[in-house]
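Got a sequence here, can you model it:
(one chain, ligands or ions: 2)
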Amino acid sequence: MTQSPAPPHSESPPADAAAFRHQSVSFPDGLSLDCGAAIAPLTVAFRTYGTLDAARGNAVLVCHAMTGDQYVAESHPVTGKPGWWEAVVGPGKPVDTDRFFVICANVLGGCMGSTGPREEMPGEGRPYGTDFPSITIRDMVRAQKRLVDHLGVPRLLAVIGGSMGGMQVLEWAATFPEMVHAAAPIATAPHHSAQNIAFDEVGRAAIHSDPDWKGGRYWEDGRIPARGLSVARMVAHITYLSEQALTRKFGRRLRGAPALTFLEDVFEVESYLRHQGSTFVNRFDANSYLTITRAMDFFDLAAEHDGNLAAAFRGTPTRFFVASFDSDWLFPTSESRALVRALNAAAANVSFVEIKSDKGHDAFLLHEPEFHAALGGFLRGAAERAGC
Ligand SMILES: CC(=O)SCCNC(=O)CCNC(=O)[C@H](O)C(C)(C)COP(=O)(O)OP(=O)(O)OC[C@H]1O[C@@H](n2cnc3c(N)ncnc32)[C@H](O)[C@@H]1OP(=O)(O)O
Ligand SMILES: N[C@@H](CCO)C(=O)O
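Numbering: from 1, shown residues only. Ligands and ions are numbered 1, 2, ... in the order given. Predicted coordinates for the structure are as follows:
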């Protein structure tokens, strides 16, 4: 039986990205990108929590994952849901905002106020759309560096993040080692695997095949490619969980009476995936999805260093805390171990923990006390060594 995707909640674009610029900075001179193009101006939307101390030494940069944003520790302005890492960031939490000055910025290419495909293309009077240049994880990090400089932070006590956030952490440590006292790449890898690129391509194909995508110019009639984007999210969401987690949550439970002629959800797990897809389109932009997945796919830190991952970290002053989750099949522990081997080869100071969890990749976002304790301990140690 063929089932069509659930109708998304909305086929209109989410609120204008400008609405999220209540804390943002614009750099008129823009940013030169790895692809050779430049964007100007560059706007970085961000949130901060806690207070920068007098020595300006207690700043912690949190890098968000693929579809995250700057609302790390406060309710989300579109969804009204709690911040995506409120389990980790806040007063008395592992990233203790009573002690640390926490910065989180919407990535370059994102859709929550930083420069990205949904923003107006200078001189064109329309969004960039697919004219937004190809960006890399390193470009995202360079944009964050502009923000950190703007905030008057000479050196970050720590840079932390999971998934694509972890890629940014690694890029920060490799590109600006003198700026990073401690780094915590979590549930991540130094390159995107063939399998991950393959899943991303399915998502992109779903968006491209939606007639409402219109070659990326969907702002013209105000209809967004909601079906394609929701299918992209449904596929991706499966990869964020695990077989055990799906079984524990839903098993083979049916919704209501089984009826094989149903065109709607039959199994609870179908209903759940449709919910994840339809809520996603209310908060995310399809062209941002295309841009950011491409940036992740091209991430290959070894390739940036003549094929030698250890060379990315040779002589680094940064201390590393690498964490993985044993049920994560998107960024498996084997990839974290390869990273740790490279860090060891570079004579870096590194600790590594594999957390037991059946929650899959998104475990880093969820209640995982062992992980939280380990991360909190690493940060406290970093702060003590740095004298803040
Ligand atoms: C790092 C970042 O910045 S990530 C950005 C934000 N995070 C993400 O988008 C990651 C995607 N993952 C999720 O959305 C996950 O829900 C998490 C990781 C955020 C939270 O996981 P959990 O707390 O385990 O929630 P779970 O996966 O069970 O989803 C709960 C939602 O599914 C809904 N749901 C649960 N069962 C069903 C069902 N059978 N049918 C329909 N909906 C269902 C719930 O009502 C709830 O909806 P709501 O989020 O709109 O309130
Ligand atoms: N589920 C998270 C992590 C994906 O890698 C997100 O959507 O950003």
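
Now do the helices in the stretch 251-388 of the chain.
Counting by DSSP state H, counting those that start in this stretch, residue ranges of the helices within the stretch 251-388 of the chain are 268-280, 286-298, 333-345, 369-386.

Confirm for me that Leu156 is in contact with Ala184.
No - taking contacts as CB atoms under 8 Å, Leu156 lies outside contact range of Ala184: 11.5 Å. Where you see a C-beta, it was placed from the backbone N, CA and C, and this is true even at glycine.

Kindly compare burial across the helices of the stretch 251-388 of the chain and name the winner.
A comparison of the helices of the stretch 251-388 of the chain by mean neighbour count, using mean count of other CB atoms under 10 Å, puts helix 286-298 on top with a mean of 23.

what comes into contact with it?
Helix 286-298 is contacted from outside by 66-67, 107, 109-111, 116-118, 127-130, 132, 134-137, 139-140, 164, 167, 192, 196-197, 200, 203-204, 207, 210, 213, 216, 218, 224-225, 228-229, 232, using CB atoms under 8 Å, 6 or more residues apart in numbering.

tell me the contacts of the residue most central in space within the chain?
Of all residues in the chain, the one closest to the mean position by CA atoms, centre = their mean is Ala65, 1.2 Å from it. Ala65 makes contact with 161-165, 365, according to CB under 8 Å, 6+ apart.

was I right about Asp328 contacting Asp358?
No - counting by CB under 8 Å, Asp328 stays clear of Asp358, with 10.6 Å between them.

on that earlier part again, farthest pair within the contacts of Ala65?
Between all members of the contacts of Ala65, the longest pairwise span (CB to CB) is found for Met164 and Leu365 and amounts to 12.6 Å.

just to revisit the earlier point, can I assume the residue nearest to the centre of the chain sits in a helix?
No - with DSSP: H, G, I helix; E, B strand; the rest coil as the criterion, Ala65 is assigned coil and is not in a helix.

Nearest spatial neighbour of it, chain-adjacent residues omitted?
Ser163 (3.9 Å; CB to CB, 6 or more residues apart in numbering).

and the gap between the one you found and ligand 2?
Taking CB to the nearest ligand atom, to the nearest Å as the measure, Ser163 and ligand 2 are separated by 3 Å.

What of Ala348?
25 Å.

Assess the claim that that residue and Phe321 are in contact.
No - counting by CB under 8 Å, Phe321 is not a contact partner of Ala348; they are 11.3 Å apart.

Those two: which has the busier surroundings?
Of the pair Ala348 and Phe321, Phe321 is the one with more neighbours under other CB atoms under 10 Å, namely 24 against 21.

what does the model give the more buried one for pLDDT?
Looking at Phe321, its pLDDT stands at 98.

ok, it - contacts?
Listed by CB under 8 Å, 6+ apart, the contact partners of Phe321 are 182-184, 350-353, 374-375, 378.
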